[in-house]
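Visitor: Prediction below, plus the sequence it came from.
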Amino acid sequence: MCCNWNLPGNFHLLKAHVLAHIKAKEANDNENDDMPGLIPAGAPIIPRTTLQCHVDCFHEIAKKKKMSVQHLISDKCRGGGKGLLNENEIELLASTLIYHDEANNGMSRNEAITLVMELAQTTNRVAAENHFDYLVRKKLLRGVKNHGRTVKAQPTTTKRTQITVEQQLRWQSAMEEALEFQK
C-alpha cells in the first residue's frame, strides 16, 4: 500500500521510525548492544529510501538551525505541544474580558496579554502574545465580543451635542413666534 508520509497525520509514525533509525545508527556507531532503535512489531513499514530521505533532510535542517535532530522533531519545535493555557484558564480569560467589557472598562490587548502571562505563570511575553493571537484567530474566547479582536473606539463628537446660548435663545424665540402665530 502506497502512503504519503509527508501528511501531518502520518508524521508521528515517520517521527518514530526516524528516531528509531537514528538511535540504531548511533548505537551501531558506538557499538552499543542495548539496541534502542527497535520499532514496535505492529508499526507500518516505511520504505528504506523514504526513511533515509527524511533522515537526511532532518540532519540538514538540524545542522542549519544548529540543534539536535531530537529537538527538531519534538512537538514543541513543530508548533504543537502543550499550550500556555488549559481550557479552564481560557474560560477564565474570556470571562474576565467579558466582565471588564460589561463594566464599561474594557481591557486593551496589552492588558489581555499581561493577563495571559499571569495565568500561564511565564515571563515570556512573545509566547503569551502568540498564544493570545492563536486564541483570537481560532475564536476560542467564547462570549467575547468580536472574538477578542480589538476595536478602535469612535472619537466623541462634541459639536453635535453642544448647544450654545445663542442657539437656545434663537430656538426659544422661534418656538414662541410659532405658538403666537397659531393663536
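Guide: That came through fine.

Visitor: Buried residues, the helix ranked longest in the chain. List them.
Guide: Secondary structure of the chain per DSSP state H: the longest helix is helix 11-30. For helix 11-30, a neighbour-count test (16 or more other Cβ atoms under 10 Å) marks 11, 14-15, 17-24, 27 as buried. To be clear about C-beta, it is placed using only N, CA and C from the backbone, and glycine gets the same treatment.

Visitor: Turn the residues you listed into CSV, including distance to L84 and pLDDT.
Guide: Shown next, in CSV, are the buried residues of helix 11-30 (distance: Cβ to Cβ, whole Å; pLDDT from 0 to 100):
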residue, distance to L84, pLDDT
F11, 23, 74
L14, 27, 76
K15, 23, 74
H17, 31, 77
V18, 28, 76
L19, 26, 74
A20, 31, 76
H21, 33, 75
I22, 30, 74
K23, 31, 72
A24, 36, 74
A27, 37, 70
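
Visitor: which one of those residues is nearest P44?
Guide: H17 (8.8 Å; Cβ to Cβ).

Visitor: you'd agree that closest one is up against I46?
Guide: Yes - in this structure H17 lies within contact range of I46 using Cβ atoms under 8 Å: 5.1 Å.

Visitor: helices and strands around the longest helix of the chain, which ones?
Guide: Here helix 11-30 touches helix 48-65, helix 69-73, going by 3 or more Cβ pairs under 8 Å, 6 or more residues apart in numbering; DSSP states H and E.

Visitor: All the helices of this structure, residue numbers only.
Guide: Listed in chain order, the helices of the chain (DSSP H) span 11-30, 48-65, 69-73, 87-102, 109-120, 125-137, 158-161, 165-182.

Visitor: Relative to K145, which of the ones you listed is closest?
Guide: Ranking these by proximity to K145 (Cβ to Cβ) places helix 87-102 first, at 6.3 Å.

Visitor: quick one: low-confidence parts of the protein?
Guide: Within the chain, the stretches with pLDDT under 70 are 1-2, 29-43, 69-81, 150-161.

Visitor: one more time with 90, if that's ok
Guide: Filtered on pLDDT under 90, the chain yields the residue ranges 1-87, 97-109, 122-124, 127, 134, 136-169, 171, 182-183.
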